[in-house]
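S.K.: Whatever this is, show me its structure:
(chains A, B, C and D)
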There are 4 protein chains.
Amino acid sequence: ANSRSLQACKNALPRRHANTHKGNQGSALLIGGNRSMMGAIQLAASSALKSGCGLCKVVSQNEHLLFLSAQQPEVMGYDISHANQLILQADAIAIGPGLGTDEWARKLLQQTLQKPTKTPIVIDADGLKLLAENPNMEPIENLICTPHPGEAALLLGCTTADIQRDRIAAIKTLQQKYGGVMVLKGNGSLIYDGTHLELCRAGNPGMAIGGMGDVLTGTIVALLAQGLSAFDAACLGVHLHANAADSIAQQKGQAGLLPSELGQCYPQLLG
Amino acid sequence: ANSRSLQACKNALPRRHANTHKGNQGSALLIGGNRSMMGAIQLAASSALKSGCGLCKVVSQNEHLLFLSAQQPEVMGYDISHANQLILQADAIAIGPGLGTDEWARKLLQQTLQKPTKTPIVIDADGLKLLAENPNMEPIENLICTPHPGEAALLLGCTTADIQRDRIAAIKTLQQKYGGVMVLKGNGSLIYDGTHLELCRAGNPGMAIGGMGDVLTGTIVALLAQGLSAFDAACLGVHLHANAADSIAQQKGQAGLLPSELGQCYPQLLG
Amino acid sequence: ANSRSLQACKNALPRRHANTHKGNQGSALLIGGNRSMMGAIQLAASSALKSGCGLCKVVSQNEHLLFLSAQQPEVMGYDISHANQLILQADAIAIGPGLGTDEWARKLLQQTLQKPTKTPIVIDADGLKLLAENPNMEPIENLICTPHPGEAALLLGCTTADIQRDRIAAIKTLQQKYGGVMVLKGNGSLIYDGTHLELCRAGNPGMAIGGMGDVLTGTIVALLAQGLSAFDAACLGVHLHANAADSIAQQKGQAGLLPSELGQCYPQLLG
Amino acid sequence: ANSRSLQACKNALPRRHANTHKGNQGSALLIGGNRSMMGAIQLAASSALKSGCGLCKVVSQNEHLLFLSAQQPEVMGYDISHANQLILQADAIAIGPGLGTDEWARKLLQQTLQKPTKTPIVIDADGLKLLAENPNMEPIENLICTPHPGEAALLLGCTTADIQRDRIAAIKTLQQKYGGVMVLKGNGSLIYDGTHLELCRAGNPGMAIGGMGDVLTGTIVALLAQGLSAFDAACLGVHLHANAADSIAQQKGQAGLLPSELGQCYPQLLG
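M.R.: Residues are numbered from 1 along each chain as shown, chains lettered A, B, ... in the order given. Coordinates of the predicted model:
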């Protein structure tokens, strides 16, 4: 596996033109945050904004929208009734953080999979659980999946131990089955697109806390919205996320490192 | 076009008397934040407070008022039933951030346009869309409009490319059509009052993110409320906003620069 | 008028015993925050906590309680049905910030005035308006009033200009009429208890913003709850408040100085 | 009594494996936050997260869940209907902060006491009040109680003065009566497991403020979830909590030291 630095991954990020505006810095759409899981989409959305997208739109439960906006006023929140139109307009879509697996969740995933072919899509968390239920699904265009080992096991119908025993074999099998770009999270996250295999050596055990994956999802979708290829966005996203965690851990320590704290390091790491 | 420094623009700001009190530091009224767009008015209101007004009142949807107050306890929130009275009392009014274009929005704009003649008014965002629908409207006294190129195109019935091809011609045409002071946002924001043309050389591509315009609107209305002329408020507001963004970008980087972060730089830049 | 330093005023603050606990650091009760005025009581409560009281209880509209607690989890919020009991238990009471003047407000003021004789009470803002309506009211024991010049004018049935023309005469008249300790806010705040007259030379014009008075009220009630005499609490509160504002203004500037920012300076100034 | 340093207590904390993940960093379950007492569980949950647990789940009143999540998006909130299942799954449970003493509270305590034997449980605050009502209760396995002197008096049916007169005798009696590990809070907190007696010499009078105990509870349950023994978790928790308060007091001062501020010091102290 190749192992680039954050610096090398950053070369993929297009230089901002002097004349850029919010309309061409990328509109990211994040779908998730079912009842009792608002925090996951909140983490993803804030991370997307700190990753530099021009617009960050969220589809979540109606009762969450004011809370999401109050905490992060740059977020534009919508309920499910707007999903179809938002899916058509987005430059990149992420679905999964706090999505749940009920009818609301299934309907949103179904609508999302009818996205324009060219629109890149990140599927994470509960989105991956739903994906795993449909092993004979047609291939999804411009797909990025970001499973942790447990989710990878679900997707492949094996055990987590199987995944961890040979992570490189696992990510290759995942990619053969689902296509697109796979990110296999964990100590030494792997990124694979069917040709290139990338290993991220950054990161630390302080990242073992719920919500870290949601932040990664938000990061990647924002990079996709800015025009990076799926593989480049996944590589840069994983490196940025891990380097931010390392930066905080070096300053403060690994224990008590919170997902909501990563974004504050992004501008400096991206600059 | 003239191109003053922030320092030069600051000369317009009246020195605070030792005996000043909240009642004569200016009462700014901000109108907007329709359903699903609370964040826009929240950004504008917080920016107004950091720009030094004595009172910051907001008219928004009733369901937003507790959220707005909780996030920024200095904001005084009201629903539409108080709009007429607040419009009479305000030292300066801004309408548009997250206003929407439904009946609620139209009614508020209509009420606002019946403001006392002398009260300066900033129209932005959806307020400009509504304005563009009424090309034969009577001139509005003490008007500032703050369109980005897309909104300028709507106001002139042309394309965004037309605007950008000759920004100076565009702002002059806008000013002839609508009177008052025009701010044409973008790389090198222009300010024009029919006589003086100002170009802001500050700012950076990190400002290409939704919500930046709302912050500018809040900044300008707060300066108006403090007694600056429309042209001086527009010039100082644009410079302050751009310099704050440059200050953060220099410290941290351009990507992930959020509108909600600008205000923290205002006191130092205004001091 | 005497003009002590913050340092001198701090001598009144009892040294914390090694064995102190939340139950004897003083329980402050703050009453206010009527509909559309939640921010005022929020500012007062947070300031009370930063001023060192052991418990900070708030009576506000029921719909505000979760917002108040969410923003400042140390606040204990209650609706009007608990007011009578809380008034009996408090070590010090403040009423007025965002109180309004409707039936809810009047009922709360009436209940508050039936407090135990020994319990010190700060009346501010709308509480003063209600007080001014009842010129023949019986004297209130252990009273501190904190009018700005406009409220002082209401209390004395004269104009604000009358107050400002001779502030020392005004505060003396106020004290003769209402008893207790009077604080006449403004440039050079005065504190008078019928014998001692204190002038605060600290403070700056950046304090001319809505909410600054609410912060002062929270500060004074917390000091009262910690056992300071009414005069000492008023003197220390005024000095602490003004010095905090000066400290921020020196670091950042006067414009955009927000009431919600003062409390962060209190521990250092009190230390 | 033995008196170890924070450094010595930290030796009990297992070193994080490079391959750790959120699923084996410990899932802490916190139960409390009845109506009008949301702040207590909010403080406890945020502290648990800053203490390094992998997952932090909360059972509170349904109406609190969105507020809890909005303020701390890493918190996973549930209402009482999920309690039984969450109790089965948790690595460690804390019950008490803001629990109240009504039917909701009693039902939750009852359900909690049916936890798996091996699951450690911290009982605090209102949980201790309910415990005191049932003097003939069967012994609770893997119990930690964290009474302040007033709660200890309730548990022993004596006065607070009795407790304070001989704190070592008191904690020994408590431990004999209830088993498990007892923490007797106050100036010089004691920890006792029936054999070892630990005295914490850190801490300062600025900790005399409501909410400090909730923070300690959240800290201990997170350490338990990470696999520390009950005694080690209690010792490290008490030391961490006191050292964090000392760290802030040294930087800023004792007055106005807020419970919600402690967690920011935890990573550095644990690192």
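S.K.: Starting from chain C, give me the distance back to the residue in the stretch 151-271 of chain A that chain B sits nearest to.
M.R.: Relative to chain B, the nearest point of the stretch 151-271 of chain A is A:G271 (2.6 Å; C-beta to the nearest C-beta). For the C-beta atoms, the positions are set from N, CA and C on the backbone; glycine is no exception. In this structure, A:G271 and chain C are 24 Å apart, going by C-beta to the nearest C-beta, to the nearest Å.
S.K.: List the contacts of that residue.
M.R.: When the contact criterion is C-beta atoms under 8 Å, 6 or more residues apart in numbering or on different chains, the partners of A:G271 are B:A249, B:K252, B:G253, B:Q254, B:A255.
S.K.: So which of those residues is the closest to chain D?
M.R.: The shortest separation between chain D and any of the contacts of A:G271 is 20.1 Å, and it belongs to B:K252 (by C-beta to the nearest C-beta).
S.K.: In what element of secondary structure is the spatially closest residue to the closest one that is not a sequence neighbour found?
M.R.: What sits nearest to B:K252 in space, not counting adjacent residues and going by C-beta to C-beta, 6 or more residues apart in numbering or on different chains, is A:P267, at 4.0 Å. When elements are defined using DSSP states H and E, A:P267 is found to belong to helix A:266-270.
S.K.: okay, A:K22: pLDDT?
M.R.: At A:K22 the predicted local distance difference test score is 91.
S.K.: Number of residues surrounding it?
M.R.: By the measure other C-beta atoms under 10 Å in any protein chain shown, the count of residues near A:K22 is 19.
S.K.: Next, the contact list for it, please.
M.R.: Residues near A:K22 by C-beta under 8 Å, 6+ apart: A:G54, A:L55, B:A208, B:I209, B:G210, B:M212.
S.K.: Inside helices: which ones of these?
M.R.: Cross-referencing the contacts of A:K22 with the helices (criterion: DSSP state H) gives B:M212 as the overlap.
S.K.: can the contacts of A:K22 go into a markdown table with extra columns for neighbour count?
M.R.: Compiled in a markdown table, the contacts of A:K22 are given as follows (neighbours: other C-beta atoms under 10 Å in any protein chain shown):
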| residue | neighbour count |
| --- | --- |
| A:G54 | 22 |
| A:L55 | 24 |
| B:A208 | 25 |
| B:I209 | 26 |
| B:G210 | 25 |
| B:M212 | 25 |
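S.K.: Pick out the most distant pair among the contacts of A:K22.
M.R.: Comparing all pairs in the contacts of A:K22 by C-beta to C-beta, the longest separation belongs to A:L55 and B:M212, at 11.3 Å.
S.K.: ok, back up a step: kindly indicate the member of the contacts of A:G271 with the most neighbours.
M.R.: B:A255 (27 neighbours).
S.K.: Apart from its neighbours in sequence, what residue is nearest that one?
M.R.: Nearest residue to B:A255, sequence neighbours excluded (C-beta to C-beta, 6+ apart): A:G52, at 3.4 Å.
S.K.: ok, the one you found touching A:L224?
M.R.: No - with contact defined as C-beta atoms under 8 Å, A:G52 does not count as touching A:L224 (11.5 Å).
S.K.: more crowded one of the two?
M.R.: A count of neighbours by other C-beta under 10 Å puts A:L224 above the other of A:G52 and A:L224, at 31 against 27.
S.K.: Is chain D within reach of the host helix or strand of the more buried one?
M.R.: Taking DSSP H and E as the definition, one finds A:L224 inside helix A:212-225. Yes - in this structure, helix A:212-225 sits against chain D according to C-beta under 8 Å from any C-beta of the partner chain; the contacting residues are A:M212.
S.K.: all helices for chain A, in order.
M.R.: Counting by DSSP H, chain A has these helices, from start to end: A:6-10, A:38-50, A:65-71, A:83-89, A:103-113, A:126-132, A:149-156, A:160-165, A:167-178, A:212-225, A:230-251, A:266-270.
S.K.: Does anything pack onto the fifth one? Which helices or strands?
M.R.: Put plainly, it is helix A:103-113. Using 3 or more C-beta pairs under 8 Å, 6 or more residues apart in numbering or on different chains; DSSP states H and E as the contact criterion, the elements in contact with helix A:103-113 are helix A:83-89, strand A:92-95, helix A:126-132.
S.K.: Much appreciated, bye for now.
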